[in-house]
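>>> just coords:
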C-alpha cells in the first residue's frame with residue numbers, strides 16, 4: 001500500500017456533493033437523498049455533503065449522522081460528542097443519558113419540522129486537524145488516520161486548499177480488491 005497515494009483514491013472536489021452555507025438543512029437532506037437514489041455509477045453513493053462558504057471554499061462537512069444529531073438539539077447540552085465517542089460507553093450509561101437529558105422525547109415529525117429551515121452554516125462544525133490529509137500521503141497513513149480518528153472520510157489537501165475527499169468506502173474497496181487478488 002506504500003505506493004498508493006491518497007490522490008489516487010480520492011473523489012475530486014468537483015465530483016463531490018457540495019452545498020452553500022446558506023442552504024437549509026432540508027435542502028441538504030434532499031441533495032443527499034437524491035445522490036443515494038441516483039447512485040449506480042462506478043462509485044458508491046455519497047454519505048456526506050461538503051459545505052461551501054461564499055467564496056466556494058469548504059468550511060465543513062455534513063454527514064448523515066450530523067443530520068440525525070441536529071434533529072435533537074439537546075445533544076448540545078451533553079458537550080462535544082466526538083470526544084466521548086468510541087470510549088466504550090456501556091449500554092446502560094447511554095440509556096441513562098436519554099432519560100437524563102430527555103433525548104428524543106418529542107415526536108420525530110415535530111423535531112424534523114423545527115430544523116428543516118435551519119441554515120447548514122449554523123450546524124456544521126469546522127473540520128478537526130485529524131480530518132485533513134495531504135494528497136501525496138500514502139494510503140497506509142490515511143488508513144491509520146481513519147482508524148485512529150474513527151473517520152468515515154478525510155478532506156484531501158494540496159497546500160492549504162481542499163481538493164477532494166478520501167472516503168472509507170473507497171479505501172475499503174481498494175483493500176478488498178487487493179485481498180481478492182492475493183487469494184486467487
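Yep, it's here. Here the structure is a predicted model, which means the values were calculated and not measured. Residues are numbered from 1 along each chain as shown.
>>> Have a look at the chain and report its longest helix.
Looking across the chain with DSSP state H, the single longest helix is helix 168-183.
>>> Buried residues, it. List them.
Residues 168, 170, 171, 174 are the ones in helix 168-183 that count as buried (16 or more other CB atoms under 10 Å). Bear in mind the C-beta positions are built from the backbone N, C-alpha and C, glycine included.
>>> To which secondary structure element is residue 97 assigned?
helix 91-100 (DSSP states H and E).
>>> what comes up buried for stretch 143-155?
143, 145, 146, 151, 153, 154, 155.
>>> Which ones among those lie within helices?
The helices, defined by DSSP H, take in 143, 145, 146 from the buried residues of stretch 143-155.
>>> The chain: helices as residue ranges?
Under DSSP H, the chain gives helices at 6-9, 25-38, 64-71, 75-78, 81-84, 91-100, 108-115, 139-149, 168-183.
>>> Columns distance to residue 159 on top of these, output as CSV?
Formatted as CSV, the helices of the chain follow (distance: least, CB to CB, whole Å):
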stretch, distance to residue 159
helix 6-9, 13
helix 25-38, 28
helix 64-71, 27
helix 75-78, 34
helix 81-84, 26
helix 91-100, 41
helix 108-115, 36
helix 139-149, 18
helix 168-183, 23
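>>> worst-scoring helix or strand of the protein, pLDDT-wise?
helix 81-84 (a mean of 50; mean pLDDT, DSSP states H and E).
>>> Fine by me, we can end here.
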